[in-house]
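# quick one: sequence and predicted model below, then my questions.
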Amino acid sequence: MPCWMLTCPKCSHKFTHTTIDAAAAEEARRDRSHVPLRPLIPYVGEARTCPNCKTNFLYQWLDLRYSEARLCGPDE
């Protein structure tokens, strides 16, 4: 299932922020110009811990990247 990914600024590990629901994913598959809306992140950012190096970092809305199903997973 496609998802929104984050990349750790310390170790460059990519990991899942949010999976995208089936209906939105299907719409994106049918129309490549349609990318599901990014999840909301507070203006001040959202703290997340990298599952690889355990570094805590404050991510912003623009840090989210769309990723296809083959790259997404619970610990990616």
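Structure received.

# how near is the residue lying closest to D63 once chain neighbours are set aside to S33?
Take D63 and drop its neighbours on the chain: the residue closest to it by Cβ to Cβ, 6 or more residues apart in numbering is L6, 5.7 Å away. C-beta coordinates here come from the backbone N, C-alpha and C atoms, glycine included. Taken as Cβ to Cβ, to the nearest Å, the spacing of L6 relative to S33 amounts to 24 Å.

# among those two, which residue is more densely surrounded?
Using other Cβ atoms under 10 Å, the more surrounded residue of L6 and S33 is L6, with 19 against 5.

# could you pull up the contacting residues of K54?
Residues counted as contacts of K54 (Cβ atoms under 8 Å, 6 or more residues apart in numbering): none.

# quick check, it in a strand?
No. With DSSP: H, G, I helix; E, B strand; the rest coil as the criterion, K54 is located in coil rather than a strand.

# show me which residues of stretch 34-42 are buried.
Within stretch 34-42, the residues that qualify as buried by neighbour count (16 or more other Cβ atoms under 10 Å) are 36, 41.

# partners of the helix or strand containing the residue nearest to D63 in the sheet?
Assignment of secondary structure by DSSP states H and E places L6 within strand 3-7. When pairs are called by DSSP bridges, strand 3-7 turns out to pair with strand 14-19 (antiparallel), strand 65-67 (antiparallel).

# buried stuff in it?
Buried-residue list, strand 3-7, by 16+ other Cβ under 10 Å: 3-7.

# T16 versus L62, what's the distance?
Applying Cβ to Cβ, the value for L62 to T16 is 17 Å.

# these two: which is more packed in?
Between L62 and T16, T16 has the larger neighbour count (other Cβ under 10 Å), namely 18 against 8.
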